[in-house]
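*Asks:* sharing a model that was predicted from the sequence below.
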Amino acid sequence: MTPPNILLVEDNPHNRKIFSGMLSHAGMQVVEAIDGDAALAAVARSHPDLILMDLSIPGIDGWECTRRLKADEKTRTIPIIALTAHAMRGDEERALKAGCDGYLSKPISPKRVVEEVKRVLRLT
């Protein structure tokens, strides 16, 4: 079985290292992007099985990046999980309305991120 290809869109290098390491340890291939432009380019190149999207990233933010991916026929079926520090009332609803298929607020344990990825990809 081919390991799932996960796009991790995260501008914080510390978070990127931790989440990427846990996902890799769980047997997943991880592609990283540090901003919205890099995320859109990575999706076009690798068509990931799932995207973990930080909503506060430089350039095209995660909200807009999600809207663009969900509006495109080629990428609309890729599940997107918001991975964000936006934890105010209404932020989860906003993320789901933008097109996210899941929502995780930081700080969060890397183990919980792996669990959510597996749940959305139906690997458990």
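*Replies:* Received, thanks. Here the structure is a predicted model, which means the values were calculated and not measured.
*Asks:* which residue packs closest to P4, ignoring adjacent ones?
*Replies:* Distances taken as Cβ to Cβ, 6 or more residues apart in numbering place D49 nearest to P4, at 4.4 Å, with adjacent residues excluded. Where C-beta positions appear, they are placed from N, C-alpha and C, glycine not excepted.
*Asks:* check contacts around that neighbour.
*Replies:* 4-6, 78-79, 121 (Cβ atoms under 8 Å, 6 or more residues apart in numbering).
*Asks:* just the ones of those residues in strands?
*Replies:* 5-6 (DSSP state E).
*Asks:* adding pLDDT, neighbour count and distance to L96, write the contacts of D49 out as JSON lines.
*Replies:* Formatted as JSON lines, those follow (pLDDT from 0 to 100; neighbours: other Cβ atoms under 10 Å; distance: Cβ to Cβ, whole Å):
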{"residue": "P4", "pLDDT": "96", "neighbour count": "18", "distance to L96": "22"}
{"residue": "N5", "pLDDT": "97", "neighbour count": "14", "distance to L96": "23"}
{"residue": "I6", "pLDDT": "98", "neighbour count": "26", "distance to L96": "20"}
{"residue": "I78", "pLDDT": "97", "neighbour count": "17", "distance to L96": "15"}
{"residue": "P79", "pLDDT": "97", "neighbour count": "15", "distance to L96": "12"}
{"residue": "L121", "pLDDT": "94", "neighbour count": "14", "distance to L96": "18"}
